[in-house]
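Peer 1: Any chance you can model this:
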Amino acid sequence: MEKVKIGIICPSEIAFRRFMPAIQKLDCAEYIGVAHANAKEWFGDRTPDADVIENETKKAQSFADTYGGKVYDSYESLLSSPDVDAIYLPLPPALHFKWAKAALEHGKHIFVEKPSTTSAADTQTLLELAASKSLAVHENYMFAFHKQIGEIKDIIASGKLGDVRLYRIAFGFPQRAKNEFRYNKALGGGALLDCGGYTLKLATMLLGETAKVAYSQLNYTPDFDVDIYGSAALVNDAGVTAQVAFGMDNSYKCELEVWGRKGSLITGRILTAPDGFVPTAEIKIGNETETVTLSADDTFGKSIKKFCECVNDNEVRKENYKTILKQAQLVDEVKKSWK
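Peer 2: Reported below is the predicted structural model:
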């Protein structure tokens, strides 16, 4: 497999804390460098704030000090670099389309943090552009690669719980800093695009490709102009339902419940299990309760490996396009159903 040379647009926390340790362990990918925005890229036609650019420059330099690699003094200089095959995009969601499109136009593969963009139309535009240039696009929902999901599916397939009557998926967390991008409409904030996307992704993995939104609700509070919590139900062609709930001003919850004809299963770290964490699932059948130990895993590394496969294998790449588009379409379905 050809080694993929990756550069990072924006010296973000997730890039420093999660992406860099993960890529260091891999043979399929190589870190080349990180770019910070110049004044024009950050502020456009607004008056530049020199402190902001200085801070971004310092953060980029910390990447070089810690991990090596080159510091690029603009996003454009990274995109035009012949030393880079691919771009990792950990920008706020509203900026994904602009910079992913620019990267593809420069002939670079794209590894983008979730969500791929803020609309299915924009995602489809990116995927069509990528296909026309034989370039990979990969959306980083890390949890989807965790071994525990396959193990839970195996329990369901074994018949131990009986036929599934309902899935319940919940993901929410207490309010974070008000100046975070999650609470900023202009940056692509909102609970649906953030934690809601996780619940829709898992629902699709459980219900299959025929999953569609039956109804939805998005809720606002006076403090913000983005949706703060919400819920939806998805149904597949077999009539199996997944109820999902999400929020970013909630008590913490990260649960999957599988309710079957014979019994039920519930687990509490289905979307956020960190590297090395050993998850468990509680299975209840009648009056008997059993705790099952599931596998630990390294999901960020596996997500990067999947990206490398997309870069090097055209068929894997095409299947990944379909997966990304399905996710974006479900997010749009939730918006349309609510409206």
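Peer 1: What confidence value was assigned to Met1?
Peer 2: On the pLDDT scale, Met1 is placed at 69.
Peer 1: For the chain, give me the ranges with low pLDDT.
Peer 2: 1 (pLDDT under 70).
Peer 1: hey, where'd the strands end up in it?
Peer 2: Secondary structure of the chain, counting by DSSP state E: strands at 4-9, 29-35, 70-72, 86-89, 109-113, 137-140, 164-172, 212-219, 229-235, 241-247, 253-260, 263-267, 280-285, 288-293.
Peer 1: Partner strands of the second one, with direction?
Peer 2: Sheet neighbours of strand 29-35, with direction, are listed as strand 4-9 (parallel), strand 70-72 (parallel) (DSSP bridges).
Peer 1: Can you give the distance of the longest one from its chain's centre?
Peer 2: The reference is to strand 4-9. 18 Å (CA atoms, centre = their mean, to the nearest Å).
Peer 1: could you give the angle of that strand to strand 109-113?
Peer 2: Using axes from the mean of the first three to the mean of the last three CA atoms, to 10 degrees, one finds that strand 4-9 and strand 109-113 are set 50 degrees apart in direction.
Peer 1: per-domain residue ranges of this protein.
Peer 2: 4-142, 147-296 (automatic domain parsing).
Peer 1: of all the strands paired with strand 29-35, which gets the most neighbours per residue?
Peer 2: strand 4-9 (a mean of 25; mean count of other CB atoms under 10 Å). From N, CA and C alone the C-beta is placed, and that goes for glycine too.
Peer 1: picking up where we left off before, I'd like the domains of the chain laid out as CSV, including distance to Lys322.
Peer 2: Formatted as CSV, the domains of the chain follow (distance: least, CB to CB, whole Å):
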stretch, distance to Lys322
domain 4-142, 9
domain 147-296, 8
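Peer 1: Nearest to Lys306, out of those domains?
Peer 2: Nearest to Lys306 among the domains of the chain is domain 4-142; the distance by CB to CB comes to 6.2 Å.
Peer 1: Would you work out how far apart the start and end of the closest one are?
Peer 2: Start-to-end span of domain 4-142 (CA to CA, to the nearest Å) is 19 Å.
Peer 1: and the angle from the longest helix belonging to the chain to strand 212-219?
Peer 2: Identified as the longest helix of the chain according to DSSP state H is helix 314-338. For helix 314-338 against strand 212-219, the angle by the same axes, to 10 degrees is 50 degrees.
Peer 1: For helix 314-338, which outside residues touch it?
Peer 2: Under the contact criterion CB atoms under 8 Å, 6 or more residues apart in numbering, helix 314-338 has outside partners 115-117, 119-120, 123-124, 127, 130-131, 134, 136-139, 141, 192-193, 196-197, 200-201, 204, 209, 211-218, 230, 232, 234, 306, 309-311.
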